[in-house]
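Enquirer: Below: sequence and its predicted model.
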Amino acid sequence: MLGGDERKEEPSTQGVSGKPIGKFRVDSVLRVFTRPVLIGEVLEGTVYPGCKLKGRGTGKIVRMEQERREVEFAASGDRVALMLENGMSVEEGDVLEIYP
């Protein structure tokens, strides 16, 4: 084969399957203890704890807050804080896909 084995680096999709159920725009990224917390707006669909986020990596939502109160879900147009189970590469302005 000419050119050898050329593979493009794809974002990690570990644990993410099916079609996205929504989108989330990141306005700011904080750290609480060792966990990342994403503050932003649900652009489409519904998000709830247990959902996975996909951008340049993946992360699982373990807790959600809206106006400093824990909530069970958020819908399109809601501004929320999402605490993730693990770190993922995220920057302000990123739009992440939401998976069940």
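Expert: Thanks, I have it.
Enquirer: only C-alpha atoms for contact and neighbour calcs from this point on.
Expert: Noted.
Enquirer: what's the burial count for residue 84?
Expert: Neighbours of residue 84 under the rule other CA atoms under 10 Å: 26.
Enquirer: residues contacting it?
Expert: 35, 36, 37, 38, 59, 60, 61, 62, 63 (CA atoms under 8 Å, 6 or more residues apart in numbering).
Enquirer: Next, the residues that contact the strand ranked longest in the chain from outside, please.
Expert: In the chain, assigned by DSSP state E, the strand with the most residues is strand 35-47. With contact meaning CA under 8 Å, 6+ apart, strand 35-47 is reached by 21-31, 73-88, 98.
Enquirer: tell me the average confidence for stretch 28-48?
Expert: Throughout stretch 28-48, pLDDT has a mean value of 93.
Enquirer: Dump it to PDB, restricted to CA.
Expert: This file holds the C-alpha atoms of stretch 28-48, laid out as PDB (Å, rounded to 0.1, in the frame of the first residue of the first chain):
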ATOM      1  CA  SER A  28     -18.300  28.400  31.400                       C
ATOM      2  CA  VAL A  29     -16.300  25.500  32.900                       C
ATOM      3  CA  LEU A  30     -15.600  25.200  36.600                       C
ATOM      4  CA  ARG A  31     -14.100  22.600  38.900                       C
ATOM      5  CA  VAL A  32     -15.800  21.400  42.100                       C
ATOM      6  CA  PHE A  33     -13.400  19.200  44.000                       C
ATOM      7  CA  THR A  34     -12.000  17.100  41.100                       C
ATOM      8  CA  ARG A  35     -15.100  17.100  38.900                       C
ATOM      9  CA  PRO A  36     -15.800  19.400  36.000                       C
ATOM     10  CA  VAL A  37     -19.000  21.500  36.100                       C
ATOM     11  CA  LEU A  38     -20.300  22.900  32.900                       C
ATOM     12  CA  ILE A  39     -22.600  26.000  33.000                       C
ATOM     13  CA  GLY A  40     -24.600  26.700  30.000                       C
ATOM     14  CA  GLU A  41     -27.900  26.400  28.100                       C
ATOM     15  CA  VAL A  42     -29.800  23.400  26.700                       C
ATOM     16  CA  LEU A  43     -30.200  24.300  23.100                       C
ATOM     17  CA  GLU A  44     -32.400  21.400  22.000                       C
ATOM     18  CA  GLY A  45     -34.100  18.400  23.600                       C
ATOM     19  CA  THR A  46     -34.000  17.400  27.300                       C
ATOM     20  CA  VAL A  47     -31.100  16.600  29.500                       C
ATOM     21  CA  TYR A  48     -31.100  14.700  32.800                       C
END
